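>>> Need a 3D model of the sequence below.
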Amino acid sequence: MKIVGKHIGILLAVFFIAVNAFAQLSPGELSDVHAHLEGLTNCTKCHVLGEKETSAKCLACHTEIKKLVDRKKGYHASAEVTRQRCAACHGEHYGRDFKLVRIDKDTFNHDLTGFKLEAKHAEINCIDCHKTALIKNDISQKKSAGTYLGMGTECIDCHADVHQNTLSKTCITCHNQKAFVPAAGFEHAITKFPLVGKHREVDCSKCHEKTTLNGNAFQQFAGVQFSNCTSCHEDVHNNKFGNDCRKCHDEFSFTQVNNIGAFNHNNTDYPLQGKHVAVDCKECHTSGNHTKALPHTNCTDCHSDFHEGQFAKNGLLPDCNSCHSVNGFSPSSFGFDRHNKSEFTLNGAHMATPCFECHKKTQEWNFEFEEISCVACHENIHEDKISNKFMPDSDCKVCHNEDIWSRINFDHNRTNFKLEGKHTAASCRDCHFNETVGVVTQQFAGLAADCANCHNDIHFRQFAESGKNDCERCHTFNNWLPEKFNHDNARFKIDGKHEGLDCIACHKPTDNLIRNYIVYKFEDITCVSCH
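Got it, this is the predicted structure:
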């Protein structure tokens, strides 16, 4: 018994020594999925002796990841991930409950997977796509809930093929990720049946029938017959004229007959031209009898006088074709040459004025005017501000011309104020228009000729005599320089050392904080006033 007890003690000692050594070698307990690798004899299945890097060992076991990396597919093949060690994201030895795959769904960049989430795909939850039922490839993790591997990238890998294998499986040819309907990328023009005329307005379901196929809703797009019109349309003529409807009809209008009995209207006394070619036969042949002769000498035989007799002379109306053609009522052929033979010759800017500016002031066209003066069409902005002497009968052309309204030809020498020097370059508005708080007033008659009436007295009445400023004593109209001023005529004559001084040496600005001005007149001109 002592011998047996001794052996048991030795075994227990060895056991505890091994456990203690393993605890010192292992950094921690393995996760649940790697629990079968616990034990010192299994370390080299994941670790390379003497090296910290274990990625090669990881990929040797996780072959589905290695295949994706080798094919440069998926998240692990992206540049941001291939530079990383597996252990950088998938840590181990943190215990049985530690999750090796941890993804922050709010910050995860799905673009790195090779499948960019756009439009509707960007609005759904991860679990809507990443679920066991949608895993396409047979991978080792398929049995594990929550895997993100094995997903297909084709539309039908996740979505049902509503076309039931009748169309291409490349869904993005017609659809996009914003909405399945309508098929924004589909172009009927590149099919064997391009849509023309009225066909462009027809709802898709009129030709592509909605039915049920294999127990599911189905709309037929492939295999629709279109060799003849009667494939879709009823032959109202019951095959009396054959099944080629296009001999008489087209896609733009069924009621517009292109070849009514091969009748050629040009063989009549009235060949159809211009707009008349598109007119329905019934518009002219109202009785339905196409052989009955119709009056057609004048346009008014069919059309009413749009201008209601405005061009009548001596009770006779000119025919419409004198200004219009069968190609269209507008534009009119009434041009400058004919207008210049009227009572109003077009000159200058009037030649660039469209007809409706003068002849359609209201809803109706008007070609009869009681008077043709300027003020008959244009507002007289001067009203009664200019006397009849200078603007007789409100005739604007006394000052203005028809080329450029701003070019004034008025001779100011006819007034009491002759324009000289800088005044010749001033515009009429500079002197005769005044704007105060957004209100513009005009004054032509009774305008004072004093300089101060238009210009500010920058000398603050230093040179006023008898209550008036006579600027012309020193200044001319050519510039503001005091060309006429002679200091010898002043109280203080310039001589001696004073002759070389600048004016500013003696005539300095005031220190008035509201508005400074230069002082030219002094009460005291003694030496001690300056020196």
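>>> could you pull out the helices for the stretch 1-150 of the chain?
For the stretch 1-150 of the chain, applying DSSP state H, counting those that start in this stretch gives helices covering 2-25, 55-61, 63-70, 79-82, 86-89, 126-129.
>>> for the second one, the distance to its chain's centre please.
In this view, helix 55-61 has its centroid 55 Å away from the chain centroid, taken as Cα atoms, centre = their mean, to the nearest Å.
>>> Kindly report the same for the third one.
For helix 63-70, the distance from its own C-alpha centre to the chain's C-alpha centre is 48 Å (Cα atoms, centre = their mean).
>>> pLDDT averaged over it - what is it?
Across helix 63-70, the average pLDDT comes to 88.
>>> Worst mean pLDDT among the helices of the stretch 1-150 of the chain?
Confidence, taken as mean pLDDT, is least for helix 2-25 of these (a mean of 46).
>>> so where's the stretch 151-300 of the chain uncertain?
237, 240-241, 255-264, 267, 288-291 (pLDDT under 70).
>>> Show me what counts as buried in stretch 105-125.
Neighbour-count burial for stretch 105-125 flags 112-113 (criterion: 16 or more other Cβ atoms under 10 Å). (C-beta placed from N, C-alpha, C; glycine too.)
>>> give me phi/psi at the nearest residue to residue 56 once chain neighbours are set aside?
Ranked by Cβ to Cβ, 6 or more residues apart in numbering and with sequence neighbours excluded, the top spatial neighbour of residue 56 is residue 48, at 7.5 Å. Main-chain dihedrals, residue 48, degrees, to the nearest 10: phi -100, psi 120.
>>> and if you look at residue 392?
Phi and psi for residue 392, reported as degrees, to the nearest 10, are phi -60, psi 130.
>>> Give me the distance between it and residue 308.
For residue 392, the distance to residue 308 equals 36 Å [Cβ to Cβ, to the nearest Å].
>>> same deal with residue 217?
62 Å.
>>> Also residue 246?
Taking Cβ to Cβ, one finds residue 246 at 44 Å from residue 308.
>>> Could you tell me the end-to-end distance of stretch 368-376?
Using Cα to Cα, to the nearest Å, the end-to-end distance of stretch 368-376 comes to 12 Å.
>>> Over to stretch 192-209?
So stretch 192-209: terminal residues 18 Å apart, Cα to Cα.
>>> Same question for stretch 227-247.
Using Cα to Cα, one end of stretch 227-247 lies 15 Å from the other.
>>> With stretch 265-280 instead?
Start-to-end, stretch 265-280 (Cα to Cα) is 13 Å.
>>> isn't residue 462 right up against residue 520?
Yes - Residue 462 is in contact with residue 520 according to Cβ atoms under 8 Å; the separation is 5.4 Å.
>>> Need the residues touching each of these two.
Shared contacts of residue 462 and residue 520 (Cβ atoms under 8 Å, 6 or more residues apart in numbering): none.
>>> Okay, and residue 217 sits in which element?
strand 216-219 (DSSP states H and E).
>>> which helices and strands does that strand pack with?
Here strand 216-219 touches strand 210-213, going by 3 or more Cβ pairs under 8 Å, 6 or more residues apart in numbering; DSSP states H and E.
>>> other SSEs contacting the strand it packs on?
Under the contact criterion of 3+ Cβ pairs under 8 Å, 6+ apart, strand 210-213 touches strand 216-219.
>>> got the contact list for the strand it packs on?
160, 162-164, 204-205, 208-212.
>>> Drop anything exposed from those residues.
Neighbour counting with 16+ other Cβ under 10 Å marks residue 163 as buried within those.
>>> Could you export the strand holding residue 217 as CSV, CA atoms only?
Output of strand 216-219 as CSV, limited to C-alpha atoms (Å, rounded to 0.1, in the frame of the first residue of the first chain):
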residue,chain,number,x,y,z
ASN,A,216,-45.4,33.4,-59.9
ALA,A,217,-46.4,36.8,-61.5
PHE,A,218,-44.8,37.1,-64.9
GLN,A,219,-44.6,39.7,-67.6
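>>> Go through it and flag the buried ones.
Residues of strand 216-219 classed as buried: residue 218 (neighbour count, 16+ other Cβ under 10 Å).
>>> Ramachandran coordinates for the nearest residue to residue 419 once chain neighbours are set aside?
Leaving aside its chain neighbours, residue 419 sits nearest to residue 412 (4.6 Å; criterion: Cβ to Cβ, 6+ apart). Backbone geometry at residue 412, expressed as degrees, to the nearest 10, gives phi -70, psi -20.
>>> count of residues packed around residue 412?
15 (other Cβ atoms under 10 Å).
>>> so how far is residue 398 from it?
Counting by Cβ to Cβ, the separation of residue 412 from residue 398 is 13 Å.
>>> Please apply the same query to residue 70.
Counting by Cβ to Cβ, the gap from residue 70 to residue 398 is 95 Å.
>>> Looking at these two, which one has more neighbours?
When residue 70 and residue 398 are compared for neighbours, residue 398 comes out ahead with 15 against 10, by other Cβ under 10 Å.
>>> just checking, that one touches residue 392?
Yes - using Cβ under 8 Å, residue 398 makes contact with residue 392 at a distance of 7.1 Å.
>>> Now do the contacts for the most centrally placed residue in the chain.
Nearest residue to the geometric centre of the chain (Cα atoms, centre = their mean): residue 184, 21.2 Å. By Cβ under 8 Å, 6+ apart, the contact set of residue 184 is 174-176, 178.
>>> for residue 507, same thing?
By Cβ under 8 Å, 6+ apart, the contact set of residue 507 is 518-520.
>>> Let's see that with 10 Å instead.
Shown in contact with residue 507 (Cβ atoms under 10 Å, 6 or more residues apart in numbering): 518-522.
>>> again, but for residue 201
Here residue 201 is in contact with residue 195 (criterion: Cβ under 10 Å, 6+ apart).
>>> swap the cut-off to 8 Å and go again
Going by Cβ under 8 Å, 6+ apart, the list of residues near residue 201 is empty.
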